[in-house]
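# structural data only, the sequence is not supplied:
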């Protein structure tokens, strides 16, 4: 069975870079460097995208109508926003990842215990 063009599941799975870009744009419109900084901050520097990786992913997300240029430019920086379809895809991908984690937990797979801080 084929999925309708508006079904966000047809875009899944997203690459980690695509997921983090959409997540960065969920809270605010951002320019490319702002997206790079937000992704690095949100992942505690674990994911640090270069400009080539970012703009390759951005071009794909724009072509898929998941992200759009806002038309706003500031100091030659182009700003991007999450489209309504992009938000639905972000929600669908989040649900997909949550289901994977639930399944892993049911099978006894757990991450390391959080570090305890001394009081």
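Cool, got the structure. Everything numeric in this text was worked out from a predicted model, so none of it was measured.
# give me the buried positions along the helix or strand bottoming out on mean pLDDT in the chain.
In the chain, no helix or strand scores lower on mean pLDDT, DSSP states H and E than strand 67-74, which sits at a mean of 89. Buried residues in strand 67-74, counted by 16 or more other CB atoms under 10 Å: 67-68. Every residue, glycine included, has its C-beta placed from N, CA and C.
# that strand pairs with which strands, and in what direction?
strand 77-82 (antiparallel) (DSSP bridges).
# pLDDT of the helix or strand following the strand it pairs with, averaged?
Per DSSP states H and E, the first helix or strand lying C-terminal to strand 77-82 is helix 84-106. Helix 84-106 carries an average pLDDT of 97.
# okay, how far is it across stretch 35-52, tip to tip?
One end of stretch 35-52 to the other measures 13 Å (CA to CA, to the nearest Å).
# list of residues touching it?
Here stretch 35-52 makes contact (CB atoms under 8 Å, 6 or more residues apart in numbering) with 16-17, 20-21, 23-25, 27, 30, 32, 54, 57-58, 80.
# just the buried positions in that stretch, please.
35-36, 38-40, 49.
# so where's this structure shaky on pLDDT?
1-5, 117-119 (pLDDT under 70).
# mind redoing it with 80?
1-5, 73, 75, 113-119 (pLDDT under 80).
# going by distance to residue 101, which of the contacts of stretch 35-52 wins?
residue 16 (14.8 Å; CB to CB).
# contact partners for that closest one?
By CB under 8 Å, 6+ apart, the neighbours of residue 16 are residue 47.
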